[in-house]
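Participant: Got a predicted model here, sequence first, then my questions.
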There are 2 protein chains.
Amino acid sequence: MSSVQKPSIPQGTRDFGPAVVARRNYIFGVIRRVFEKFGYAPLETPTLENLSVLTGKYGDEGDQLLFKVLNSGNFLKKQKGEVIKEEVTPADLLAGPRAVLPKIAEKGLRYDLTVPFARYVVMNRGTLVFPFKRYQIQPVWRADRPQRGRYREFYQCDADVVGTDSLLCEAEIVLMMSEALNTLGLTDHTIKLNHRRVLGAFYQALGGEGTEVDLFTAIDKLDKIGREGVEKELAERGFSAEAIDKLFALLGVAGSFEEKLERLLAAFVTAAVEPDTPGADGYKGLQDLHRVLDYLRGFGFDKWDNLEFDVTLARGLSYYTGCIFEIKINNVNMGSVSGGGRYDNLTGAFGLPGVSGVGFSFGVDRLYDCLEELNLFPEAVAATTRCLLANFDAESEAAALPVLRRLRAEGIATELYPESGKLGRQFKYADGKGIPYVLLQGSEERAAGQFKLKTLATGTEQTLTLEQVLAELVGG
Amino acid sequence: MSSVQKPSIPQGTRDFGPAVVARRNYIFGVIRRVFEKFGYAPLETPTLENLSVLTGKYGDEGDQLLFKVLNSGNFLKKQKGEVIKEEVTPADLLAGPRAVLPKIAEKGLRYDLTVPFARYVVMNRGTLVFPFKRYQIQPVWRADRPQRGRYREFYQCDADVVGTDSLLCEAEIVLMMSEALNTLGLTDHTIKLNHRRVLGAFYQALGGEGTEVDLFTAIDKLDKIGREGVEKELAERGFSAEAIDKLFALLGVAGSFEEKLERLLAAFVTAAVEPDTPGADGYKGLQDLHRVLDYLRGFGFDKWDNLEFDVTLARGLSYYTGCIFEIKINNVNMGSVSGGGRYDNLTGAFGLPGVSGVGFSFGVDRLYDCLEELNLFPEAVAATTRCLLANFDAESEAAALPVLRRLRAEGIATELYPESGKLGRQFKYADGKGIPYVLLQGSEERAAGQFKLKTLATGTEQTLTLEQVLAELVGG
């Protein structure tokens, strides 16, 4: 503690003060209750993962964005009692980072919740009961360039079920998304659905030009660069004008969810009778979506206006193999607040192939910003003290102690100002902390067995007995 | 996702599966509710702190145990678009870690919750309302050698109040400790109190031999090495036999909390009239403890048997300046589950001297182990699905969907098994997941508008209407 310094926090990280924590916990609580009502159980994995688990799972760019943690102690010095398998030599150092890094950093910070989930499933496959439905609400870290709305430490809220390919799971994901958003008051939202195989059929319909990845990457940008931009990009990547026209005819399918299903079904109809023809994949994809709608209907889902079949929705294309989800909040100018889909090979990289699963993730920071912008946080969310007992002098302090006990025994968050005197400062304290009530008992009130209860928002003051105070504070 | 690997997690870290998360959340919930009832508000700080904030705050050993995080990207290569202030040169590399480390790692993982709290207070001193009462429940990381019960990632639950030296705070800490433990069912505990100045007075009473640190370090070991061991250690450190005898006469003070106060007061009595004599410090310490007892009495505290004045309690001596706390669970063989005390210079290292505060921390892992050993986790804690709807065939699946909706609408966590057929597997699923009820509706029951509700624990089966099912499931 020698030299005095001006402290700061790392770029892209945040302190969350009391009011913000309370609001974030409100969001987490709503999501958690929905997940649990649908039978999803909580999982927590370590912040530190072995780099061998993380590396190669997020593409080259992802590997660059992993936060790597130095092995304990100084890396060139043997730690007392610790066995270091390999020593870093000066030659390594001169050879550069590729030679040094594996020897000085074997651990990294959690980058998402999906890879740790896959690792957990593989490590515990002998004892887990499948289908395994888990939710996970934890922070992740990415060494991204910090910018407005993009942080290096942020929370994800994931729910996944693995070990079944039942489309009931997809339907329930729509139900969970819908219930969580409506409970939060974000009623003006659109849950977008698509299917990887519908996208695949589009590609097939173009006649084998270019690559799937090029096509999907371009489609994914439709929102941002418009039809013209996408056309230009596709042309640059070798798609013919004819193929591009065909594509936009398919992408332009209009109508309700079911009308779109019907119209695309007609486009793919030959595939139904002849598998392996262009469109066979698309037919399967449309069948899946149809089944999801059936489940929703059977369940009594009644928010059809919030559900959209968006054939341009692509998302993490190399990853998803079935349904794809995304949520947009319509009355806030913001990217998607949630996304997900079905994948068929979550655990393959860890030696357990063929595990199908489906899941999605809520972006809490964006949900928070939406609620704030739309003024949707309930007032009661702030987990603050409900009542401050004023502290006039030693006598009033002593008299306040049993009152303090009584209020707390009733479950009312209560404080006694810890120092006597200066009422102004005490009111300022209550005000600054958002405490709605101040309870005062001067010597006169004490003699009469009464209290003054001041409501700060209105400035009203009531003279009450303790029982009346309790009724007022519990009731409100 | 090229080569298949057997995944593992880093030494000293843990995955928490659903049952464990539920139990941990139960503990966090109890503690959080107590903290909030006493007016403590939640704070969360980033996982990553600048090393300049962390280094030098935990002693040399602590510095060694800090997990350091590599700057983003490969440290010898400029990241695209990122400005690296200093390049690591081959000369640096050959010069060794001291030259390299500051250039490749500027961030570290949170080591405790106290230093980030101090940093937060200093950074936000202009807007915070003092006294500032915060609680914080977050993981911390230490590159300690992992061993039974000691982890590299573990949670701390801290509550601190800064900006007042009122002893009401100390009294309320005792109340919070007591309420949290009793709520958790850990009724057989001892909350130990001592005061830094009482320890200081002991040192003064010895006549100025040796050093305070040597004395306290030795006293701290009394539990482990016994009187003989402590005597030996003190002798080695230059304390005379006479001084050691004096010390043990003082340490041997017996009786109730108040009797000990009285007896030590008598020993220090000259100090009361003559400040700056040996014992003056002790007199102030005893007065403080006396005041804490007064507050507790005024509040109506009634767990006096759980409170002990332990004059041998030293804890982090270089840190605390007033009251010192520690909690032992008596009917479990385990170290302390909580500790804390008053400090007068929390924020000095960050340029804000003279901020007095007092706080304490619960060790959640130890509390967890105590509850488990004593079988104190309530059964209802497991946040699992309450009812599984069996899925015989497509028809029963379709019929189950509105039932699913109805049960969930009543707030009952319910699942429909996502695949038809194989009832045995479905019961195995319910059993493995700890789901207490399975609801079945074969074609006969469906025709009669009835259900079979099976209670797995007892094997009993009831034939009920949906309303009766609801009553049973909500009630239990």
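Facilitator: Done, it's in.
Participant: How about the residues of the stretch 201-350 of chain A by chain B?
Facilitator: Within the stretch 201-350 of chain A, the positions near chain B by Cβ under 8 Å from any Cβ of the partner chain are A:295, A:298-300, A:345, A:348-350. In this view, the C-beta of every residue, glycine as well, is placed from N, C-alpha and C.
Participant: ok, A:Thr164 - contacts?
Facilitator: The contact partners of A:Thr164, by Cβ atoms under 8 Å, 6 or more residues apart in numbering or on different chains, come to A:130-131, A:356, B:418-419.
Participant: Closest to A:Asn194 out of the residues you listed?
Facilitator: Comparing the contacts of A:Thr164 against A:Asn194 with Cβ to Cβ places A:Ser356 closest, at 18.0 Å.
Participant: what about the closest one, neighbour count?
Facilitator: Using other Cβ atoms under 10 Å in any protein chain shown, A:Ser356 is surrounded by 19 other residues.
Participant: Next up, the contacts around it.
Facilitator: A:162-165, A:342-344.
Participant: pretty sure A:Glu170 is touching A:Arg342, no?
Facilitator: Yes - using Cβ atoms under 8 Å, A:Glu170 is in contact with A:Arg342, at 6.9 Å.
Participant: mind giving me the domain split of chain A?
Facilitator: Chain A is divided into the following domains under automatic domain parsing: A:18-48+A:114-373, A:49-77+A:85-109, A:384-475.
Participant: Identify all contacting residues around stretch A:466-476.
Facilitator: Against stretch A:466-476 from outside (Cβ under 8 Å, 6+ apart): A:386-387, A:403, A:406-407, A:410-412, A:436-437, A:439, A:449, A:451, A:453, A:462, A:464.
Participant: Just the buried ones from those residues, in ChimeraX syntax?
Facilitator: To isolate the buried ones among the contacts of stretch A:466-476 in ChimeraX, judged by 16 or more other Cβ atoms under 10 Å in any protein chain shown, type:
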select /A:386,387,403,406,407,412,436,437,439,451,453,464
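Participant: Restricting to the contacts of stretch A:466-476, which residues neighbour chain B?
Facilitator: Here is what survives when these are matched to chain B using Cβ under 8 Å from any Cβ: A:411-412.
Participant: Give me the subset of the contacts of stretch A:466-476 that lies in strands.
Facilitator: With strands taken from DSSP state E, the overlap with these comprises A:387, A:437, A:439, A:451, A:453, A:462, A:464.
Participant: And those, which two are furthest apart?
Facilitator: Once Cβ to Cβ is applied, the ones in strands among the contacts of stretch A:466-476 give A:Cys387 and A:Gln462 as the farthest pair, at 12.9 Å.
Participant: so A:Lys428 is in which element?
Facilitator: A:Lys428 belongs to helix A:423-433 when elements are defined using DSSP states H and E.
Participant: what's that helix packed up against?
Facilitator: In terms of contacts (3 or more Cβ pairs under 8 Å, 6 or more residues apart in numbering or on different chains; DSSP states H and E), helix A:423-433 is packed against strand A:387-389, strand A:437-440.
Participant: and for the shortest one, what are the contacting residues?
Facilitator: It refers to strand A:387-389. A:400, A:403-404, A:407, A:412-417, A:426, A:429-430, A:435-439, A:441, A:473.
Participant: Stretch A:202-216 now?
Facilitator: A:199-200, A:219, A:234, A:237-240, A:243, A:246-247, A:250-251, A:267, A:278-279, A:281-282, A:311, A:314, A:317-318.
Participant: when you check those residues against the helices, which ones overlap?
Facilitator: Using DSSP state H, the members of the contacts of stretch A:202-216 that fall in helices are A:199-200, A:219, A:234, A:243, A:246-247, A:250-251, A:267, A:281-282.
Participant: Of those, which is the nearest to B:Lys328?
Facilitator: Among these, and counting by Cβ to Cβ, the member closest to B:Lys328 is A:Leu199, at 62.7 Å.
Participant: isn't that closest one right next to A:Thr217, touching?
Facilitator: No - taking contacts as Cβ under 8 Å, A:Leu199 lies outside contact range of A:Thr217: 11.3 Å.
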